[in-house]
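> return atomic coordinates for the entry below.
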Amino acid sequence: MRGLKRQGRDLQMSSNNIAIRSQNLTKVYQIYEKPTDRLKQFFSFDKRTYYREFNALHDINFEVKQGQTFGIIGKNGSGKSTLLQMLAHTLTPTQGTIEVNGRVAALLELGSGFNPEYTGRENVYLNGSILGVSKEEMDTRFAEIERFADIGEFIDQPVKTYSSGMYVRLAFAVAINVDADILIIDEALAVGDVFFQLKCYKKFEEFKQQGKTILLVTHDLSSVIKYCDNVLVLNEGESLGVHDAKQAVDLFKKLMVNLHKPAIATTEQVKQEVQLGEWKRFYTINSEHLDYGNSKAKIIDFGLFDEFNELVTTIEKGSECLFKIRVQFEERIDFPIFAFTIKDLKGTEITGTNTMIENIVIDNTGQGRILEASFRQTMNLQAGSYLLSLGCTGFEAGEFVVYHRLYDIISFQVISSKNIVGYFDLNSKIEISTLQ
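Prediction:
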């Protein structure tokens, strides 16, 4: 069974209010090593093949009910964009079916949907006609599209002159003003400024209240938790199932550190593997990190652990976590200091601490000895990405000495459904009283 099954917007929704249904969806590409192999395959009349098959997606099954906000997450190369292109009818599946009930407005990767030679105004009307909206209807909606996009006189300039932010502003403004039943967003909002993103997410809330369906593909796990009812998790073209937002994010965190195992592997087996191996091998090490010291001690391992003592790259705001560091000593050092520092992606030091500040005295060092320090924290940082720096220092003859430092060695992400101002959450308790 092949192809897409797309229902017109005037058709009655099915009795169980399914907006989108994917059954056994598979997309296979033929990969040729060189151009001549494609020509050989075209003229081949026997069973010989000159290509290898690549399964971009394999046997994907899910349903999205009308009015849901449905998320799709996965590592790069997992097949997310391929799936959305089939949902938007710009790509045909190799096998399986997709049923889409209603008008779809898709905001896919930057650069799709607009003719770069046309002006913004011309592209608005072009997109409207593609989506089945008449010129008369677009005339009545154009003022709102222009207001929401807020790109000024550039509306009458060729799209090829637009910045990426301007492009997304106009594309999103069109998508939300063509009376679509289903809105598909693929990471495009990541290039917009924070105030434009705020406007978009307010529109998401309006869409939900109107009973419309939203498909959201994003690496922003905070948005997944805040907005999505259910989430499909993809990994290397395979489905890891549909879960509620919290379960999906937990599964994705394990994928990011290669701790996801097939169902036959028990939780205990996974934990044992972590304990026996190096923690740091589960992280992508920053190639630009700074590594220096006098080598009397060496940081040999490190990791970030969640409240269940599982190795992670993502922490939910408000939860408990541990920063762990292991140091091997090449000789005896009197009273070494273990430290960690957290920076934002601009390099600003946000916070940090060390064993001296916390009044922890370390005196059991010696050649070949390995010590492990665990810094237990409640994570109150604003949602976002951060860099971790580690150090082992001390004092010799009253002089400060660096034994080993790893600056900006790995990144981690804090996720939250609550947005705040600044870097950390004050956890304010608010009371409202009526005075008259």
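> ok, and the closest non-adjacent residue to L83?
L57 (6.1 Å; C-beta to C-beta, 6 or more residues apart in numbering). C-beta: built from backbone N, CA, C; applies to glycine.
> how about H243?
The shortest distance from H243 to any non-neighbouring residue, by C-beta to C-beta, 6+ apart, is to V231 (5.8 Å).
> the strand or helix carrying that neighbour: how far from the chain's middle?
Per DSSP states H and E: V231 is located in strand 230-235. The chain centre lies 12 Å from the centre of strand 230-235; the measure is C-alpha atoms, centre = their mean, to the nearest Å.
> so which other helices or strands are in contact with it?
Strand 230-235 sits against strand 52-65, strand 69-74, strand 238-244, helix 245-256, with contacts defined as 3 or more C-beta pairs under 8 Å, 6 or more residues apart in numbering; DSSP states H and E.
> quick one: which of these is nearest D46?
strand 52-65 (17.6 Å; C-beta to C-beta).
> E372 should be in a strand, yeah?
Yes: using DSSP: H, G, I helix; E, B strand; the rest coil, the assignment for E372 is a strand.
> list the contacts of it.
Contacts for E372 were tallied using C-beta atoms under 8 Å, 6 or more residues apart in numbering; they are K324, I325, R326, V327.
> what of V361?
Contacts for V361 (C-beta under 8 Å, 6+ apart) come out as F335, T355.
> do you know how far it is from G293?
Separation of V361 from G293 (C-beta to C-beta, to the nearest Å): 21 Å.
> quick one on the thing from earlier: quick one: contacts of the strand holding V231?
57, 60, 62, 64, 68, 70-75, 78-80, 83, 224, 239-245, 248-249, 251-252, 255, 260.
> how far off centre is the helix or strand T353 falls within?
Assigned by DSSP H and E, T353 belongs to strand 349-354. Centroid displacement of strand 349-354 relative to its chain, using C-alpha atoms, centre = their mean, is 26 Å.
> and what of stretch 174-188?
The answer for stretch 174-188 is 19 Å, by C-alpha atoms, centre = their mean.
> name the helix or strand for F142, please.
helix 135-149.
> list the beta-bridge partners for the residue nearest to H243.
G71, H243 (DSSP bridges).
> quick one: residues contacting G293.
C392, V402, Y403, H404, R405.
> er, G120 I mean
A149, I151, F154, I155, D156, Q157, V159, Y162, L170.
> ok, back up a step: what's in contact with the strand holding T353?
By C-beta under 8 Å, 6+ apart, strand 349-354 touches 337-344, 375, 381, 386, 389, 391, 393, 423-424.
> of those, closest to F302?
Nearest to F302 among the contacts of strand 349-354: F340, at 8.5 Å, using C-beta to C-beta.
> who's in contact with the helix or strand where the closest one lies?
Assigned by DSSP H and E, F340 belongs to strand 337-344. The set of residues external to strand 337-344 that reach it, using C-beta under 8 Å, 6+ apart, is 323, 325, 327, 349-356, 362, 371, 373, 375, 381, 384-394, 408, 423.
> mind doing that once more with 7 Å?
Residues outside strand 337-344 that contact it (C-beta atoms under 7 Å, 6 or more residues apart in numbering): 323, 325, 327, 349-352, 354-356, 373, 375, 384, 386-394, 408.
> now that strand against strand 349-354, angle please.
170 degrees (axes from the mean of the first three to the mean of the last three C-alpha atoms, to 10 degrees).
> and strand 337-344, average pLDDT?
What strand 337-344 shows for mean pLDDT is 95.
> what are the pairing partners of it, and which direction each?
Under the criterion DSSP bridges, strand 337-344 sits next to strand 349-354 (antiparallel), strand 384-396 (antiparallel) in its sheet.
> roughly how far is it from the heart of the chain?
Taking C-alpha atoms, centre = their mean, the mean C-alpha location of strand 337-344 is offset from the chain mean by 25 Å.
> how about stretch 395-412?
Relative to its parent chain, stretch 395-412 has a centroid offset of 32 Å by C-alpha atoms, centre = their mean.
> show residues contacting it.
Contacts of stretch 395-412 (C-beta under 7 Å, 6+ apart): 283, 285-286, 288-294, 296-299, 304, 313-315, 333, 336, 343, 385-394.
> in it, what's buried?
Buried residues in stretch 395-412, counting neighbours by 16 or more other C-beta atoms under 10 Å, are found at V401, Y403, H404, R405, L406, Y407, D408, I409, I410, S411, F412.
> I'm done for today, thanks for sticking with me.
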